[in-house]
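Student: fold the following, please.
(chains A and B)
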Amino acid sequence: DTGVSQDPRHKITKRGQNVTFRCDPISEHNRLYWYRQTLGQGPEFLTYFQNEAQLEKSRLLSDRFSAERPKGSFSTLEIQRTEQGDSAMYLCASSSHSRSRGETQYFGPGTRLLVL
Amino acid sequence: AQTVTQSQPEMSVQEAETVTLSCTYDTSENNYYLFWYKQPPSRQMILVIRQEAYKQQNATENRFSVNFQKAAKSFSLKISDSQLGDTAMYFCAFMTANFGNEKLTFGTGTRLTIIP
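Tutor: Got it, this is the predicted structure:
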C-alpha cells in the first residue's frame, strides 16, 4: 500500500492556460474523490467516481473543469482557461466502497495551483 | 444540506496537557458518520478518528477520543497527553450514510499548536 499519490505537487500557470492534474489512488480502491481547499478553509467536494463512473459533481465544478477516470484506476482533473480564483490546493482521496457505508477516505498530498 | 461548524479558529496548549476541539453539525439525517482529520503543516491529511452515528459508544484511538452528543449534534475531539507532533490543522467532517452521496463535508478547521 503506497498511499494516494498526486502529480504534480505544485503548478504555477498563467491565467488562460489549461492545466491537468493526476491522482493515483490506493490500489483496489474503487472510489476516488476530488476536493479543493483554499487558504484557511476546509476542503470542498468537487466530484467523485466509483470505478470509471462519475457519480456526482458539485456546483463548484464549472464548465471549465472536467474529471475523468478512464479505466477505473487513476484520475485526471483538467481546468481549462484558468482564472486567478482557481488558485487552491486540489486534493484527491480514495476509499474502498462496499455494502458497509462510511468507508474512510485516504487523502493524497495535494496539488497546489497558483494562477498568475 | 449538511453544515459543519468549528468555532475555534486557533488553540494552543502546553505539551502533555489535554485539549478539546469543538465541532457542531447540522443535518436532518439519522444515519451518518463523523470524522476528525489532521493536516500537519505542508503535509497530507490523515484520519484521526471516526464515529458511526448509530453507535452510542464514543470512539477512542489511543490518546484521541470523542464526545459524541447526537441530540445536540456535537462532536468534540479530546487529545490527551498532547505531543509536539500533534501540532496541525484539525478538521471535523460529516458523511451521510445515503448511498451515492458519500462525500465529506468539512468544517473550517482549528489550528492547534502544542507549546514545548
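Student: show me what from chain B comes close to chain A.
Tutor: B:4, B:32-33, B:35, B:37, B:43-47, B:50, B:52, B:91, B:93, B:95, B:97, B:99-109 (Cβ under 8 Å from any Cβ of the partner chain). From N, CA and C alone the C-beta is placed, and that goes for glycine too.
Student: could you pull out the helices for chain A?
Tutor: Remark: no helices are assigned in chain A by DSSP state H.
Student: where along it do the strands fall?
Tutor: A:5-7, A:10-13, A:19-24, A:31-37, A:44-50, A:53-57, A:65-68, A:75-79, A:88-95, A:106-107, A:111-115 (DSSP state E).
Student: so which of the residues of chain B next to chain A sit within strands?
Tutor: Those of those lying in strands (DSSP E): B:4, B:32-33, B:35, B:37, B:46-47, B:50, B:52, B:91, B:93, B:95, B:105-106.
Student: any chance of those residues in CSV, plus neighbour count?
Tutor: What follows is these, written out as CSV (neighbours: other Cβ atoms under 10 Å in any protein chain shown):
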residue, neighbour count
B:V4, 22
B:Y32, 21
B:Y33, 21
B:F35, 23
B:Y37, 25
B:I46, 12
B:L47, 15
B:R50, 18
B:E52, 17
B:F91, 26
B:A93, 25
B:M95, 22
B:T105, 20
B:F106, 22
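Student: now, the most widely separated pair of those?
Tutor: B:Y32 and B:I46 (21.1 Å; Cβ to Cβ).
Student: list just the nearest of the ones in strands among the residues of chain B next to chain A to A:G85.
Tutor: Distances from A:G85 to those, taken by Cβ to Cβ, are shortest for B:F106, at 19.5 Å.
Student: my read: the closest one touches A:Y33, true?
Tutor: No - the pair B:F106 / A:Y33 is not scored as a contact, 12.0 Å apart, by Cβ atoms under 8 Å.
Student: and residue 13, how many neighbours?
Tutor: Went with chain A since none was named. Close neighbours of A:T13, defined as other Cβ atoms under 10 Å in any protein chain shown, add up to 16.
Student: meant chain B actually
Tutor: By other Cβ under 10 Å, the residues close to B:V13 number 16.
Student: how near is it to chain A?
Tutor: Remark: distance between B:V13 and chain A (Cβ to the nearest Cβ, to the nearest Å) = 21 Å.
Student: which residue packs closest to the one residue in chain B that gets nearest to chain A, ignoring adjacent ones?
Tutor: Nearest residue of chain B to chain A (Cβ to the nearest Cβ) works out as B:F106 at 3.2 Å. Distance criterion Cβ to Cβ, 6 or more residues apart in numbering or on different chains; nearest residue to B:F106, sequence neighbours excluded, is A:G42 at 3.2 Å.
Student: and that neighbour, what is it in contact with?
Tutor: B:4, B:91, B:93, B:106-109 (Cβ atoms under 8 Å, 6 or more residues apart in numbering or on different chains).
Student: for stretch B:95-114, which positions count as buried?
Tutor: Residues of stretch B:95-114 classed as buried: B:95-97, B:102-112, B:114 (neighbour count, 16 or more other Cβ atoms under 10 Å in any protein chain shown).
Student: of these, which pair is most distant in space?
Tutor: For the buried residues of stretch B:95-114, and using Cβ to Cβ, no pair is farther apart than B:A97 and B:I114, which are 34.1 Å apart.
Student: which residues of chain A lie near chain B?
Tutor: A:31, A:33, A:35, A:40-45, A:48, A:55-56, A:91, A:93, A:95, A:97, A:101-110.
Student: now do 7 Å
Tutor: A:33, A:41-43, A:45, A:48, A:55-56, A:101-102, A:104-105, A:107-110 (Cβ under 7 Å from any Cβ of the partner chain).
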